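Colleague: the amino acid sequence is not available; the structure is as follows:
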């Protein structure tokens with residue numbers, strides 16, 4: 001194939017034998033395969049005459065990916081998302097069905113103080129709900145505060 005450089009500067013062209021420089025106005029005979037020819041014809045400053053040689057490696061083949069594993073994982077994800085939605089719905093029903101916990105009165109919390117089966121921290125937590133930030137740290141002080149609260153009108 002003949003390549004003519006129509007520009008005012010030396011130009012390089014990739015050939016099957018490597019990079020070849022063509023001086024301004026010069027014509028060189030070079031070997032181009034179909035791929036190199038398609039690249040060279042995109043350059044306005046080259047005039048190409050002749051036929052390109054066949055690509056030795058041939059044309060690129062379109063690969064078809066095996067998506068069966070991807071499809072399996074997608075199906076599993078859909079199944080898991082459905083299960084999560086079901087569990088969320090079930091949790092919502094359980095929360096709705098749970099009766100509201102009514103706060104204990106001061107008298108009920110005082111009864112917890114004398115019950116040996118009730119741990120101190122359970123008693124203190126119930127007392128804190130009634131007394132708030134002012135809940136004392138000692139059991140006898142908590143009992144006094146609850147008695148005062150219970151006797152308030």
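Modeller: Yes, it's here. In this text the structure is predicted, and so the values were computed from the model without any measurement.

Colleague: got phi/psi on the most centrally placed residue in the chain?
Modeller: Residue closest to the mean C-alpha point of the chain, counted by Cα atoms, centre = their mean, is residue 77 at 14.3 Å. Note on residue 77: backbone dihedrals following degrees, to the nearest 10 are phi -60, psi -40.

Colleague: how far away is it from residue 67?
Modeller: Separation of residue 77 from residue 67 (Cβ to Cβ, to the nearest Å) stands at 14 Å. To be clear about C-beta, it is placed using only N, CA and C from the backbone, and glycine gets the same treatment.

Colleague: quick one: the strands in the chain?
Modeller: 2-5, 11-15, 18-22, 27-29, 46-49 (DSSP state E).

Colleague: what's the spacing between the third one and its chain's center?
Modeller: Spelled out, it's strand 18-22. 49 Å (Cα atoms, centre = their mean, to the nearest Å).

Colleague: low-confidence ranges in the protein?
Modeller: Where the chain drops to pLDDT under 70, the residues are 57-62, 98-101, 153.

Colleague: pop the domain breakdown of it in here.
Modeller: Domain assignment for the chain by automatic domain parsing gives 2-49, 67-98, 106-151.

Colleague: ok, which of those domains comes nearest residue 56?
Modeller: In terms of Cβ to Cβ, the element of the domains of the chain nearest to residue 56 is domain 2-49, at 7.0 Å.
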